[in-house]
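Asker: Have a look; sequence and predicted model below, questions after that.
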Amino acid sequence: DQQVKQNSPSLSVQEGRISILNCDYTNSMFDYFLWYKKYPAEGPTFLISISSIKDKNEDGRFTVFLNKSAKHLSLHIVPSQPGDSAVYFCAALIQGAQKLVFGQGTRLTINP
Amino acid sequence: GAGVSQTPSNKVTEKGKYVELRCDPISGHTALYWYRQSLGQGPEFLIYFQGTGAADDSGLPNDRFFAVRPEGSVSTLKIQRTERGDSAVYLCASNNPGEREQFFGPGTRLTVL
């Protein structure tokens, strides 16, 4: 029972363009969402997060959008840079609980 | 100002053997988490410590898996009678109460032959 789903295993984007990574969830008890970035042989690194009381959070080139009615969130990266090439994980938290529930990840490749 | 560290970085063992994986959280972090990441999947929760006690061990797959954090800092994940299906990257994370973001270590890649 996959509560957090990233349906695109991979995405390829040209440098300078916008990268959009998508994530869907099924559990309406999730109240906080996070995006992590992972390079090979390293642990996941926190990127950006959003509370369920908001619909947008922006940090530099990274913006996360949350559509609660659709149970969908997306991460926008603009402009995309070669160093953004990594695996991106969407994760969610239930209020009062501490365990992160992760999606399967999307491998983003930025082409020069 | 070190981050979360994990040792060893790689561990190869034979089926049926016992292994211990170590995690050193960020100094001062009271909460510590263990996750397991299988190939092509996202990390899956195993256990969460607040201080010395396991506050949530609902993710441990069976009684071959056990974790301790005796002094509220370093934690050890112990796996008895390892099976080939235990092969994965074991990730440790830490944070403080009130923080929703968790900070991960580089992981230990366990291979059971």
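Answerer: Great, that's in hand.
Asker: Please count neighbours and contacts with C-alpha atoms only from this point.
Answerer: OK.
Asker: which ones are touching the spatially most central residue of chain B?
Answerer: In chain B, the centroid-proximal residue (C-alpha atoms, centre = their mean) is B:Trp34; its distance is 3.4 Å. Applying C-alpha atoms under 8 Å, 6 or more residues apart in numbering or on different chains, we find B:Trp34 in contact with B:45-48, B:90-93.
Asker: how about the strands of chain A, start to end?
Answerer: A:4-5, A:10-14, A:19-25, A:30-38, A:45-51, A:56-59, A:62-67, A:72-77, A:86-94, A:101-102, A:106-111 (DSSP state E).
Asker: Which one of those strands lies nearest to B:Thr111?
Answerer: strand A:30-38 (20.5 Å; C-alpha to C-alpha).
Asker: got the angle between the closest one and strand A:62-67?
Answerer: Strand A:30-38 and strand A:62-67 are oriented at 150 degrees to each other (axes from the mean of the first three to the mean of the last three C-alpha atoms, to 10 degrees).
Asker: neighbouring contacts of strand A:30-38?
Answerer: Counting by C-alpha under 8 Å, 6+ apart, A:44-53, A:75, A:86-95, B:100-101 sit against strand A:30-38.
Asker: Indicate each strand paired with that strand and its parallel or antiparallel sense.
Answerer: strand A:45-51 (antiparallel), strand A:86-94 (antiparallel) (DSSP bridges).
Asker: tell me which residues form a beta bridge with the nearest residue to B:Arg84 once chain neighbours are set aside?
Answerer: Nearest residue to B:Arg84, sequence neighbours excluded (C-alpha to C-alpha, 6 or more residues apart in numbering or on different chains): B:Val112, at 4.9 Å. Going by DSSP bridges, B:Val112 is paired in beta bridges with B:Thr13.
Asker: Kindly report the same for B:Gln37.
Answerer: Here B:Gln37, judged by DSSP bridges, has bridge partners B:Val89.
Asker: mind checking how far stretch B:29-40 is from the chain centre?
Answerer: 5 Å (C-alpha atoms, centre = their mean, to the nearest Å).
Asker: Over to stretch B:81-99?
Answerer: The answer for stretch B:81-99 is 3 Å, by C-alpha atoms, centre = their mean.
Asker: Between its first and last residues, what's the separation in it?
Answerer: End-to-end distance of stretch B:81-99: 36 Å, with C-alpha to C-alpha, to the nearest Å as the criterion.
Asker: quick one on the thing from earlier: got the contacts of B:Trp34 as TSV, with neighbour count and pLDDT columns?
Answerer: Putting the contacts of B:Trp34 into TSV (neighbours: other C-alpha atoms under 10 Å in any protein chain shown; pLDDT from 0 to 100) gives the following:
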residue	neighbour count	pLDDT
B:Phe45	24	97
B:Leu46	23	97
B:Ile47	23	97
B:Tyr48	24	95
B:Tyr90	27	98
B:Leu91	28	98
B:Cys92	32	98
B:Ala93	28	98
